[in-house]
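Colleague: Structural data only, the sequence is not supplied:
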């Protein structure tokens, strides 16, 4: 595949000859990543201020169950858009992350309608496994870690499709890590409804 530079608002990227869909996809993914960062930051800050914590949780309310599904669902859609529509071939570590993210998309859809503590625990487990894989992938891209011998020589785990958000140089691995962390925070927030969940169980 030929390499072209996308002159997008957020990013420089590798793309196909028709760069418009890639611009849209990359910029959308970058924008949503920043929103997740802001959400997690507000959550952390609210932990130190009881009044703010109460307002923060009340502003979201039971929409948290929708949000905890929406994050992996959008991540799933964007990953398929990049690979199936744009034709960017996922590396082995990308596939490992996809396994856990796609599983979360399905599991959290079930959780939205059937609020079960067991489902939440499985969700935690998928996050706890998926997030370190994303972190390890980021380490390969930034050369903190050596590339695994299990990675394909034709689709390098150390060569991201794009880097976005300027000096932060966020890649799909960084976006996946952001999604996993955000899902973990949202799952924690659903524990507020444990009494109702236990009644459903």
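Modeller: Done, it's in. On a predicted model such as this, the values are computed, not experimentally measured, just so you know.
Colleague: And the longest helix that the chain contains, how far out from the chain middle?
Modeller: For the chain, the longest helix by residue count, based on DSSP state H, is helix 20-46. Centre-to-centre, helix 20-46 and its host chain are 10 Å apart (C-alpha atoms, centre = their mean, to the nearest Å).
Colleague: Which SSE is immediately downstream of it?
Modeller: Proceeding N to C from helix 20-46, the next assigned helix or strand is helix 50-60, under DSSP states H and E.
Colleague: Packing partners of the next helix-or-strand element following that following helix?
Modeller: Next helix or strand after helix 50-60 toward the C-terminus (DSSP H and E): helix 64-80. Counting contacts by 3 or more C-beta pairs under 8 Å, 6 or more residues apart in numbering; DSSP states H and E, helix 64-80 is packed against helix 20-46, helix 92-113, helix 172-190. In this view, the C-beta of every residue, glycine as well, is placed from N, C-alpha and C.
Colleague: Name the residues of the second one that come out as buried.
Modeller: If I follow you right, that is helix 92-113. 93-94, 96-98, 100-105, 107-109, 111-112 (16 or more other C-beta atoms under 10 Å).
Colleague: For residue 163, state which of those residues is nearest.
Modeller: Nearest to residue 163 among these is residue 94, at 15.1 Å by C-beta to C-beta.
Colleague: Could you measure from the closest one over to residue 117?
Modeller: 31 Å (C-beta to C-beta, to the nearest Å).
Colleague: who's in contact with the most centrally placed residue in the chain?
Modeller: For the chain, residue 179 is the residue whose C-alpha lies nearest the centre (C-alpha atoms, centre = their mean; 2.4 Å). Contacts of residue 179 were listed using C-beta atoms under 8 Å, 6 or more residues apart in numbering, and they are 36, 71, 72, 75, 101.
Colleague: let's see it at 10 Å
Modeller: Shown in contact with residue 179 (C-beta atoms under 10 Å, 6 or more residues apart in numbering): 29, 32-33, 36, 71-72, 74-76, 78-79, 97, 101, 104, 127, 130-131, 134.
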